[in-house]
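Peer 1: Requesting a structural model of the entry that follows:
(one chain, ligands or ions: 2)
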Amino acid sequence: MMADNIKIAILGFGNVGKAFAKLLTEKQEEIFNKFNLNVDVTAVSTRSKGCLVNEDGIDLISTLNDLEKYNHFDEGKRDYKEISSMEVAENVNYDILFELTPLQIFSGQPATDHIKAALNRRKHAVSANKGPIAWSFESLRDLAKKNEVLFYYETTVMDGTPVFNLVDETLKFCKVTEVKGILNSTTNFVLEEIAKGKLYDEVIEEGKKRGFVEEDPSMDIEGWDAAAKTAALLNVLMGADITPYDVDRKGIEDITYEQIKEAEKRGNVIKLLCYGGIENGKVTARVKPEEVDKNSMLAAITGTTSIVSITTDLMGTVSIVEHEPEIEQTAYGVFSDLIRVLNNISLTN
Ligand SMILES: NC(=O)C1=CN([C@@H]2O[C@H](COP(=O)(O)OP(=O)(O)OC[C@H]3O[C@@H](n4cnc5c(N)ncnc54)[C@H](OP(=O)(O)O)[C@@H]3O)[C@@H](O)[C@H]2O)C=CC1
Ligand SMILES: N[C@@H](CC=O)C(=O)O
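Peer 2: Ligands and ions are numbered 1, 2, ... in the order given. Below you'll find the model as predicted:
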């Protein structure tokens, strides 16, 4: 049987985009063996490093090498094009769009419009960007359903750790009533490193190198990223239809070394905790730094580790821990959504 080609377009080629591209090149053969499909990347767009388009597939290895060497795509290559990510979403030939641009917390844009453009063209979409799920989940889900295409977003909360997939696939008929946990790696890491006496700028620099700090670190530090994840969990798992503005939010920006040490004397550690549930008959969501007992399960969530506890009517509370993720685990989240789409495509063919 002749192999088919699946075309994908990648918007945003930073930490996540590059790690996903690397993983894809490593797994091409396995994908081919399992699905009899070749995955061709037909577009890669960035904000300042250029855009590549090639209907027959871009050479990812040389693209990654060019970025490593020049921090820019090679303008001399035939694939190099001066077009925007929206033009890619609207015009380039692809089957699946990957939205990997930075979180814009105050609107979820332009990521939401990129995804809408794909879904309107009856193309599947995958997002690692929380903005669209925190701001416009219902309309995107409904549009995907109406146009009979797939829309996945596993990476938006806890990277490749199954959270949405776990509930979807394994907690059938359960009604989610509450979500809580530690959902932001950066703040967890920063609080711990500051407690060791390190300087804030040094710690952020290390987090940036490792790829988990948002392009604008205040998104993490002021609790916006955690608020976006809490809103995403509530929207997807509880149909809450809220935005990050509905989350009662306080970040760690005012927490000092002295406060951390005072908490230690009380036998506690400070963690940025997220909560979403129903209080007094109303959907309530909050993100704020709180002291937890140093011997508690939450205190054991160290470094970039995160945890979510999901309470349901039928299965009680299920907790999922992601241990010390690095960028490869984020890339896996995007990759696992790709595999889910390929699985669906191969089942319907
Ligand atoms: N890093 C992580 O650990 C995780 C990240 N995420 C989410 O994944 C997304 C990507 O994160 P990450 O890769 O770390 O971010 P980066 O800042 O490293 O990369 C973002 C990429 O998007 C490009 N970009 C910015 N604006 C646009 C635009 N309008 N159109 C096209 N490209 C654009 C940037 O271009 P240029 O290179 O020119 O700046 C860059 O290539 C974010 O939404 C983030 O919240 C989710 C889970 C974990
Ligand atoms: N900036 C985020 C990255 C993952 O979503 C974090 O620190 O958790």
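Peer 1: residues in contact with the residue nearest to His323 when sequence neighbours are not counted?
Peer 2: Spatial nearest neighbour of His323, chain neighbours left out: Thr305 (5.5 Å); criterion: Cβ to Cβ, 6 or more residues apart in numbering. For the C-beta atoms, the positions are set from N, CA and C on the backbone; glycine is no exception. By Cβ atoms under 8 Å, 6 or more residues apart in numbering, the contact set of Thr305 is Ile182, Ser185, Asn188, Val321, Glu322, His323, Glu324, Pro325.
Peer 1: Could I get those residues in CSV, plus columns for secondary structure, distance to Phe137 and pLDDT?
Peer 2: Formatted as CSV, the contacts of Thr305 follow (DSSP: H, G, I helix; E, B strand; the rest coil; distance: Cβ to Cβ, whole Å; pLDDT from 0 to 100):
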residue, secondary structure, distance to Phe137, pLDDT
Ile182, strand, 22, 98
Ser185, helix, 22, 97
Asn188, helix, 25, 98
Val321, strand, 25, 98
Glu322, strand, 22, 98
His323, coil, 28, 97
Glu324, coil, 29, 96
Pro325, coil, 23, 95
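Peer 1: picking up where we left off before, and the residue nearest to His323, how close does it get to ligand 2?
Peer 2: With distances taken as Cβ to the nearest ligand atom, to the nearest Å, Thr305 is found 10 Å from ligand 2.
Peer 1: burial count for the nearest residue to Asp216 once chain neighbours are set aside?
Peer 2: The spatially closest residue to Asp216, leaving aside those adjacent along the chain, is Pro102, at 7.4 Å (Cβ to Cβ, 6+ apart). Counted with other Cβ atoms under 10 Å, the neighbours of Pro102 add up to 16.
Peer 1: repeat for Leu183
Peer 2: The burial count for Leu183: 27, using other Cβ under 10 Å.
Peer 1: which one is it nearest to, not counting chain neighbours?
Peer 2: Lys229 (4.4 Å).
Peer 1: Show me what from this protein comes close to ligand 2.
Peer 2: Asn184, Ser185, Thr186, Phe212, Val213, Glu214, Asp220, Asp225 (Cβ under 6 Å from any ligand atom).
Peer 1: filter these by proximity to ligand 1?
Peer 2: Phe212, Glu214.
Peer 1: Including secondary structure, distance to Leu143 and neighbour count, could the residues of the chain next to ligand 2 go into a markdown table?
Peer 2: A markdown table is the format used below for the residues of the chain next to ligand 2 (DSSP: H, G, I helix; E, B strand; the rest coil; distance: Cβ to Cβ, whole Å; neighbours: other Cβ atoms under 10 Å):
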| residue | secondary structure | distance to Leu143 | neighbour count |
| --- | --- | --- | --- |
| Asn184 | coil | 29 | 30 |
| Ser185 | helix | 31 | 26 |
| Thr186 | helix | 32 | 24 |
| Phe212 | coil | 30 | 21 |
| Val213 | coil | 32 | 23 |
| Glu214 | coil | 27 | 20 |
| Asp220 | helix | 30 | 26 |
| Asp225 | helix | 25 | 29 |
